[in-house]
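Colleague: Coordinates for the following, if possible.
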Amino acid sequence: MTDASTPFDPQTPSPYSAPPDLSAFDDEYGSVQPADNEEVPDGKYQARVHSVKLDRSQKGDPMLKWDLIVLSGQHAGRHIFKNAVITQAALPFVKGDLKTLGLELPKLSELPNHLDKLLDHALEVTKRTKGEYTNVYFNKRIQVPAGEPTPSGEVPF
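Modeller: I've put the predicted structure just below:
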C-alpha cells in the first residue's frame, strides 16, 4: 500500500501556517537562565526513584532503565540515569539493587509484575565516572526527613 499524501514540501502551506503567538513568554525570556544540560557530577546524592522500566540494550540484552531525581543540595531536581543490563555476570548487582529497594523475588521473571513497587523510594546513591563509563550505585534506602522539600510533578530535565 502506498501513501498518497505529499511528503513535506516547504512550498506547500501548512494547516498551521500562522506561527504560534509566543509573546506571552517575552517578559520572562529576557531574565531566565538557560538550562544547564551538563550531567550531575560524580558524588553521593539523596535521590528518589522517579521511574524504572524494563527495556533492551543495543545488543538486545534485557536492561533496567532507572530515572532518579536528586532530592537535595545544589543539584536538587536534576536527574541521574542508570542503565542496568541484565546478564549472567550482572545478576548479583541487579539482585542487590532490587534488595536495596526492598524487593526480593523468588524468580527474576516475576520482575515485570513488580516494577511499580520500586517507585518513589528514597536512596543514597553514588555516581562514579571512569573514562567514558558512568556507574550509579544504590548504597542504601533512606528516609527523607519530614519537611524536606522534594520535587513534585514533572521536572524539565
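
Colleague: Show the backbone phi and psi for Lys95.
Modeller: Per-residue torsions, Lys95: phi -60, psi -40 (degrees, to the nearest 10).

Colleague: so what's it up against?
Modeller: Leu108 (C-beta atoms under 8 Å, 6 or more residues apart in numbering). (Glycine included, C-beta is placed from N, CA and C.)

Colleague: okay, it: pLDDT?
Modeller: pLDDT, Lys95: 97.

Colleague: can you check the one 3 residues further on too?
Modeller: The pLDDT attached to Leu98 in the predicted structure is 97.

Colleague: Go ahead and confirm Leu101 touches Leu118.
Modeller: Yes. Taking contacts as C-beta atoms under 8 Å, Leu101 lies within contact range of Leu118: 5.2 Å.

Colleague: Roughly how far does the closest residue to Thr87 other than its chain neighbours sit from Gly43?
Modeller: Leaving aside its sequence neighbours, Thr87 sits nearest to Asp61 (C-beta to C-beta, 6 or more residues apart in numbering; 5.9 Å). Separation of Asp61 from Gly43 (C-beta to C-beta, to the nearest Å) stands at 29 Å.

Colleague: try Asp21
Modeller: Asp21 sits 43 Å away from Gly43, taking C-beta to C-beta as the criterion.

Colleague: Just want to know which of these two has more residues nearby.
Modeller: Set side by side, Asp21 and Gly43 show more neighbours around Gly43, with 11 against 7, by other C-beta atoms under 10 Å.

Colleague: Leaving out chain neighbours, which residue sits closest to that one?
Modeller: Lys127 (6.3 Å).

Colleague: who's in contact with the one you found?
Modeller: 40-43, 45, 80, 134-137 are the contacts of Lys127 under C-beta under 8 Å, 6+ apart.

Colleague: Listing partners with orientation, what would you give for the longest strand along the chain?
Modeller: Criterion DSSP state E: the longest strand present in the chain is strand 43-56. Next to strand 43-56 in the sheet, as set by DSSP bridges, lie strand 62-70 (antiparallel), strand 122-130 (antiparallel).
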